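Undergrad: need coordinates for the following:
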Amino acid sequence: MNHWLVKSEPFKYSWDHLVAEKTGVWDGVRNYAARNNLMSMKVGDLVLFYHSNEGKEVVGLARVSKEHYPDPTTDDPRWVVVELQPVEKFPKTVTLEQVKADKRLQHIPLVTQSRLSVQPIGKPEFDIIVSLAHD
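TA: Modelled structure (predicted):
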C-alpha cells in the first residue's frame, strides 16, 4: 500500500464536498508530476486530504476507490483522474505550520514541493501526520 497527500482549495472542492458526494473524482490535474502520481495510485491506498490556500491544513483521510482513467473534463488523453472516498475527518487538523515545525517532516513534498497537488508520502511520515491529528 502506498500513501499520498492531495491538495485542494476548499472553495473549489473541500473535504465536506467529498463527504457529501461519498465518492469524489479527483480531476483537473494538469501537472505531469501530479499526473504520474495519480497513475501510481492503487485501490486501497490511503490519502491525506489537505486544504490549500484557505486553512493550509490536513483535514481528513480518504482512500483510493478507483484507479486512474481518462479525465472526463478534457479531450486531452494525457490527463487522468482517480476516485476517492472519505474515511475519516480528523479530530484535529494538522496545519502547514505544524508540519514545517516538525523536524521529522522536513523532507516531505508538502514542505519541499509546495505547489505539487498530488504527492507521495512515506508511511512513517503519514503515520506522524495521522498521529498529530489524533493527539
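Undergrad: remind me, longest helix of the protein?
TA: For the chain, the helix with the greatest residue count under DSSP state H is helix 123-134.
Undergrad: helices of this protein, start to end?
TA: Using DSSP H, helices in the chain cover 15-21, 32-40, 96-101, 109-112, 123-134.
Undergrad: rewinding a little: show me how far the longest helix of the chain is from its chain's centre.
TA: 14 Å (C-alpha atoms, centre = their mean, to the nearest Å).
Undergrad: any idea of the mean pLDDT in that helix?
TA: In this model, helix 123-134 has a mean pLDDT of 98.
Undergrad: ok, stretch 38-57 next?
TA: On average, stretch 38-57 scores 97.
Undergrad: buried ones in that stretch?
TA: 38, 41, 45-52, 55-57 (16 or more other C-beta atoms under 10 Å). Where C-beta positions appear, they are placed from N, C-alpha and C, glycine not excepted.
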